[in-house]
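S.K.: Predicted model, plus sequence, below.
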Amino acid sequence: MGIKSIQTNFTSGELNPKMNMRVETGAYQNGAKKLRNVMIFNQGGVGRRSGTSYLATLAGQSRLVSFDFSYDERYVFAFSNTELRIYSLTGTLHQTITGCPWTTSILFDLTYTQIADVMIICHPTMATHLFTRTGASTFTRGAFPFLSSINSDKTYQPYYKFADDAVTLSLSGTTGSVTVTASSAYFTSSYVGLRLRWFDVEVLITAFTNSTTLTGTIQGTARGEYDIDPIKTTESSLTIEVTHVLHGFTTGATLTLSGLNATAGITSANLNGARVITVIDDNRYTYTAGGATVATSSVDGGGSNARFSGNNIATRNWKEPSFSVVTGYPAAVTFHEARLWFAGSTSQPNAIWGSKINEFLNFDIGEGLDNESIQVTIGADDISSVRHLVSNRNLQIFTANSEFYVPKLTDTTITPSNISIQRQTPYGCSRVAPLPFDGSTIYIQATLKAIREFNYSSVDEAYSSPTLTLLADHLINSPKSMAVSYGTDLRGEQYLLVVNDDGTIAQFISARAEKVAGWALWETEGDTSPKFDSICHSGEAIYVSVLRGGLYFLEKFASDDLTLPLDCALSYTSGSAQTTWTVSSIYQGKTIDVISGNYYLGAFLVNGSNQITLNNAVTEITVGYTYTVTIETLPVEIADKTGSYVGRPKRISRVILDLNSTLSVSLSGNSLIIRQVTDDFSLEPTPVTEKKEFFLLGYNRDATVSITQTEPLPLRLLGLSLEVGA
């Protein structure tokens with residue numbers, strides 16, 4: 001009599017081969033050597049993974065993104081080279097938008113966010129784009145439209161001084177067309193069409209002359225406004241001190257002052273007019289009042305309408321757009337707390353911009369009021385290039401080097417005055433967009449070898465980034481796309497699905513409260529070098545782009561593990577039984593598998609007329625490509641009074657499989673016999689839900705049980721019992 005061993009579940013998933021001696025761990029007891037093309041269930045068992053149905057042929061390599069307008073109106077966006085195709089969830093092509101700025105090389109680096117009928121697409125090398133749903137099947141595309149003032153004098157976009165601080169800018173006039181002059185070589189022809197900001201005045205650049213000279217049109221009048229009571233008099237003196245924060249002027253500049261009220265006995269006429277200034281510091285300068293009447297006292301004054309202007313006034317206080325063809329565009333975008341957030345442009349890789357509250361197109365910083373735009377940089381000790389923004393428990397910031405978040409007090413919102421960015425973990429994030437999952441945010445480490453969860457601890461009041469792939473990192477191979485399924489009407493499991501660069505999908509199940517966490521690997525077969533390439537989730541369904549025979553197909557995973565056991569599948573019916581069937585041209589010249597009800601009819605070659613000829617006449621068929629299921633246990637661990645049998649020759653003599661809804665399975669070459677001689681063979685076979693016994697021969701130091709399935713039929717394995725002898 002052998003020693004009994006039982007495996008009740010597979011909730012730890014497929015384990016790295018380096019775990020082969022970790023027999024003392026719970027993961028070993030609940031894990032497997034191989035789980036290929038199976039789904040792990042919350043209850044612990046595994047089953048043949050869902051197959052996919054064919055929906056459409058794509059334009060080429062495509063990045064899939066979901067657009068969910070409402071429960072009843074959802075779409076799949078397929079971004080391809082300079083093109084966007086918009087599909088219904090059933091694969092109907094609604095619209096093709098051409099002439100888009102992205103190319104194949106950046107498809108998987110695009111970031112996006114969507115709210116209501118609008119989607120925003122970002123990449124640092126192209127202008128930010130906005131897609132707007134205009135009807136049930138129509139969309140428009142355009143550059144992101146920053147809000148403008150009523151008279152278009154101001155565009156409420158972010159501005160920044162990129163030039164060296166010493167570089168000054170002057171305008172040859174105060175209205176209309178002017179010459180714009182920089183103090184050193186800086187400009188290129190790419191500045192044509194951009195707006196420069198001289199103090200708070202915008203100048204639309206209309207022509208390029210050389211690296212120091214441009215032509216522009218002043219939007220409004222080139223004059224600046226002082227704060228209330230900007231001047232200070234000195235008793236018995238004509239010297240006037242002006243407070244002007246970050247004026248950027250140099251000594252000797254001539255300003256034309258206006259709007260100053262009489263102060264300390266000096267008339268407004270003698271305070272205003274053209275005045276030569278002497279700079280004290282970055283925030284103050286002086287000039288000499290006109291006339292001979294000195295100040296009667298030392299006071300602050302000038303009133304609330306003081307302004308300055310002038311021709312050819314050189315100042316360091318000028319800026320250019322944060323987002324442009326010159327400086328680059330945002331790399332990351334999200335909506336969070338009634339603001340639209342951008343982050344990480346080419347020239348400001350660690351910057352973050354938040355719109356005004358409930359005004360997503362308005363990035364005016366104004367006076368820094370609570371509802372006005374937020375514009376900050378990450379104060380880290382290295383330049384952290386922001387790659388992703390995620391709206392979850394907090395605003396989360398994922399960079400190439402570290403992970404950050406923006407904390408906030410209870411019952412408050414993030415404002416310009418209270419925003420704080422705190423570094424949490426040092427791993428860095430890849431360009432694959434992180435996703436909320438099981439209470440955390442899942443992200444792929446920048447090394448492309450580990451997948452981590454950004455998880456908040458209320459005890460520590462901080463985030464940590466534990467790895468999810470510690471026990472199964474061999475299944476992760478340069479991930480390029482990721483999606484989450486939160487369950488369907490036919491199953492309750494939530495899955496994380498990660499598309500690897502080699503065309504496989506690493507599937508992770510998590511049910512934190514039940515301590516279920518395990519990985520399996522999915523592969524697609526049939527045709528020539530098939531590969532999963534991109535994935536997205538919309539509604540209850542998971543959609544994939546799949547490369548088959550040089551073409552890319554849009555396919556949809558079935559809603560559970562029993563519904564569809566084939567990939568790239570299509571179904572056909574006939575009013576009368578027939579053997580010859582015409583199928584889609586996508587199968588022409590291919591060998592496809594055919595099922596009818598609970599029967600597997602075999603593999604058949606599709607001829608040049610897109611036809612197959614079956615051996616038996618049937619009224620309905622489903623065709624597609626089968627895939628092999630493999631479930632292999634870890635080396636069995638037993639012990640007796642002499643000690644552990646690890647590494648010693650042993651024989652698994654008997655295996656009992658606990659099967660559920662199963663029509664086909666093989667164990668070490670022994671196939672399950674579904675039919676009995678007493679069955680009525682005119683009826684379809686009935687799926688097996690019972691325990692089945694198998695007998696094996698042979699010794700092995702690392703004895704395992706290998707369960708396979710090549711026929712495209714349902715398979716569920718809930719556990720197994722072994723009898724092992726030395």
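M.R.: Noted; the coordinates are in hand.

S.K.: ok, the residue nearest to Ala182 when sequence neighbours are not counted - how many residues close by?
M.R.: Sequence neighbours aside, Thr212 is the residue nearest to Ala182 in space, at 4.8 Å (criterion: Cβ to Cβ, 6 or more residues apart in numbering). In this view, the C-beta of every residue, glycine as well, is placed from N, C-alpha and C. Counted by other Cβ atoms under 10 Å, the residues lying close to Thr212 total 14.

S.K.: does Thr212 really touch Thr181, like I thought?
M.R.: Yes. Using Cβ atoms under 8 Å, Thr212 is in contact with Thr181, at 6.1 Å.

S.K.: Going along the chain, name the helices of this structure.
M.R.: Remark: helices of the chain, listed N- to C-terminal, are 26-29, 268-271; assignment by DSSP state H.

S.K.: Would you mind finding the most buried of those?
M.R.: Counting by mean count of other Cβ atoms under 10 Å, helix 268-271 has the highest mean neighbour count of these, with a mean of 18.

S.K.: Export the helices of the chain to TSV and append columns for mean pLDDT and distance to Ser355.
M.R.: As requested, the helices of the chain are exported to TSV (pLDDT from 0 to 100; distance: least, Cβ to Cβ, whole Å):
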stretch	mean pLDDT	distance to Ser355
helix 26-29	86	46
helix 268-271	96	40
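
S.K.: Serialize the ones you listed to a markdown table and add fields for distance to Thr217.
M.R.: Output for those, formatted as a markdown table (distance: least, Cβ to Cβ, whole Å):
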| stretch | distance to Thr217 |
| --- | --- |
| helix 26-29 | 68 |
| helix 268-271 | 32 |
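
S.K.: Of these, which is nearest Gly698?
M.R.: With distances scored as Cβ to Cβ, the stretch of those nearest to Gly698 is helix 26-29 (22.9 Å).

S.K.: any idea how far that closest one is from the chain center?
M.R.: 33 Å (Cα atoms, centre = their mean, to the nearest Å).

S.K.: Restrict that helix to CA atoms and write it as PDB.
M.R.: This file holds the C-alpha atoms of helix 26-29, laid out as PDB (Å, rounded to 0.1, in the frame of the first residue of the first chain):
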ATOM      1  CA  GLY A  26       2.100  26.600   1.500                       C
ATOM      2  CA  ALA A  27       2.700  27.800  -2.000                       C
ATOM      3  CA  TYR A  28       4.300  24.400  -2.800                       C
ATOM      4  CA  GLN A  29       1.400  22.500  -1.500                       C
END
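
S.K.: Can you name the residues in contact with it?
M.R.: Helix 26-29 is contacted from outside by 7, 12, 15, 19, 22, 471, 634, 637, using Cβ atoms under 8 Å, 6 or more residues apart in numbering.

S.K.: Which of those sits closest to Ser478?
M.R.: For the contacts of helix 26-29, the nearest to Ser478 is Leu471 (19.4 Å; Cβ to Cβ).

S.K.: what's the neighbour count on that closest one?
M.R.: Other residues near Leu471 number 23, with proximity taken as other Cβ under 10 Å.

S.K.: pretty sure it is touching Leu15, no?
M.R.: Yes. Applying Cβ under 8 Å, one finds Leu471 in contact with Leu15, separated by 5.2 Å.

S.K.: Please enumerate the shared neighbours of those two.
M.R.: 27, 31.

S.K.: quick one: contacts for Ala127?
M.R.: Applying Cβ under 8 Å, 6+ apart, the residues near Ala127 are 101, 143-144, 323, 325, 329.

S.K.: let's see it at 6 Å
M.R.: In this structure, Ala127 makes contact with 143, 329, judged by Cβ atoms under 6 Å, 6 or more residues apart in numbering.

S.K.: next one: Pro158
M.R.: Contacts for Pro158 (Cβ under 6 Å, 6+ apart) come out as 322, 353, 363, 375.

S.K.: Tell me what the last one is bridged to.
M.R.: Going back to what we said before, that points to Gln375. Trp353 (DSSP bridges).

S.K.: burial count for it?
M.R.: The tally of other residues near Gln375 (other Cβ under 10 Å) stands at 20.

S.K.: where does it land on pLDDT?
M.R.: Here the pLDDT value assigned to Gln375 is 96.

S.K.: With the third one instead?
M.R.: We have a pLDDT of 97 for Phe363.

S.K.: any idea how far Ser88 is from the nearest residue to Thr138 once chain neighbours are set aside?
M.R.: Nearest residue to Thr138 in three dimensions, chain neighbours excluded: Gln95, at 6.1 Å (Cβ to Cβ, 6+ apart). In this structure, Gln95 and Ser88 are 11 Å apart, going by Cβ to Cβ, to the nearest Å.

S.K.: before we move on, what about Thr96?
M.R.: 14 Å.

S.K.: What of Ile444?
M.R.: On the measure of Cβ to Cβ, Ile444 and Ser88 end up 30 Å apart.

S.K.: Those two - which one has more neighbours?
M.R.: Ile444 (27 against 16).

S.K.: ok, that one touching Pro434?
M.R.: No. Assessed by Cβ atoms under 6 Å, Ile444 is found out of contact with Pro434, at 7.8 Å.

S.K.: where along the stretch 301-450 of the chain do the strands fall?
M.R.: With DSSP state E, counting those that start in this stretch as the criterion, the stretch 301-450 of the chain has strands at 307-309, 318-321, 332-336, 339-343, 351-354, 374-377, 386-391, 395-399, 403-406, 422-425, 435-437, 440-444.

S.K.: no, scratch that, I was asking about the stretch 551-700 of the chain
M.R.: Using DSSP E, counting those that start in this stretch, strands in the stretch 551-700 of the chain cover 551-557, 567-582, 591-596, 599-605, 611-625, 629-632, 639-640, 643-644, 651-659, 666-667, 670-671, 691-695.

S.K.: so what's Glu540 closest to, chain neighbours aside?
M.R.: Thr488 (4.3 Å).

S.K.: circling back to that earlier point, in a markdown table, list the strands of the stretch 301-450 of the chain along with distance to Ser137.
M.R.: Below are the strands of the stretch 301-450 of the chain laid out as a markdown table (distance: least, Cβ to Cβ, whole Å):
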| stretch | distance to Ser137 |
| --- | --- |
| strand 307-309 | 54 |
| strand 318-321 | 35 |
| strand 332-336 | 25 |
| strand 339-343 | 26 |
| strand 351-354 | 33 |
| strand 374-377 | 37 |
| strand 386-391 | 29 |
| strand 395-399 | 34 |
| strand 403-406 | 38 |
| strand 422-425 | 43 |
| strand 435-437 | 28 |
| strand 440-444 | 33 |
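
S.K.: Nearest to Thr286, out of the ones you listed?
M.R.: Thr286 lies closest to strand 307-309 among the strands of the stretch 301-450 of the chain, at 13.9 Å (Cβ to Cβ).

S.K.: Identify each buried residue in the closest one, please.
M.R.: Across strand 307-309, burial judged by 16 or more other Cβ atoms under 10 Å covers 307-309.

S.K.: Low-confidence ranges, the stretch 301-450 of the chain, go.
M.R.: 380-383 (pLDDT under 70).

S.K.: show me what contacts Glu684?
M.R.: Residues near Glu684 by Cβ under 6 Å, 6+ apart: 597-598.

S.K.: which residues sit in contact with Asp364?
M.R.: So Asp364 contacts 156, 373 (Cβ under 6 Å, 6+ apart).

S.K.: and with 7 Å instead?
M.R.: Asp364 sits next to 156, 356, 372-373 when contact means Cβ atoms under 7 Å, 6 or more residues apart in numbering.

S.K.: what separates it from Ala703, distance-wise?
M.R.: For Asp364, the distance to Ala703 - Cβ to Cβ - is 71 Å.

S.K.: try Phe199
M.R.: According to Cβ to Cβ, Phe199 stands 80 Å off from Ala703.

S.K.: thinking again about what came up before, want to throw the strands of the stretch 551-700 of the chain into CSV with mean neighbour count and distance to Val390?
M.R.: Rendered in CSV, the data for the strands of the stretch 551-700 of the chain read as follows (neighbours: other Cβ atoms under 10 Å; distance: least, Cβ to Cβ, whole Å):
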stretch, mean neighbour count, distance to Val390
strand 551-557, 22, 25
strand 567-582, 15, 32
strand 591-596, 21, 41
strand 599-605, 16, 45
strand 611-625, 17, 36
strand 629-632, 22, 35
strand 639-640, 10, 48
strand 643-644, 10, 46
strand 651-659, 19, 41
strand 666-667, 18, 44
strand 670-671, 13, 48
strand 691-695, 14, 46
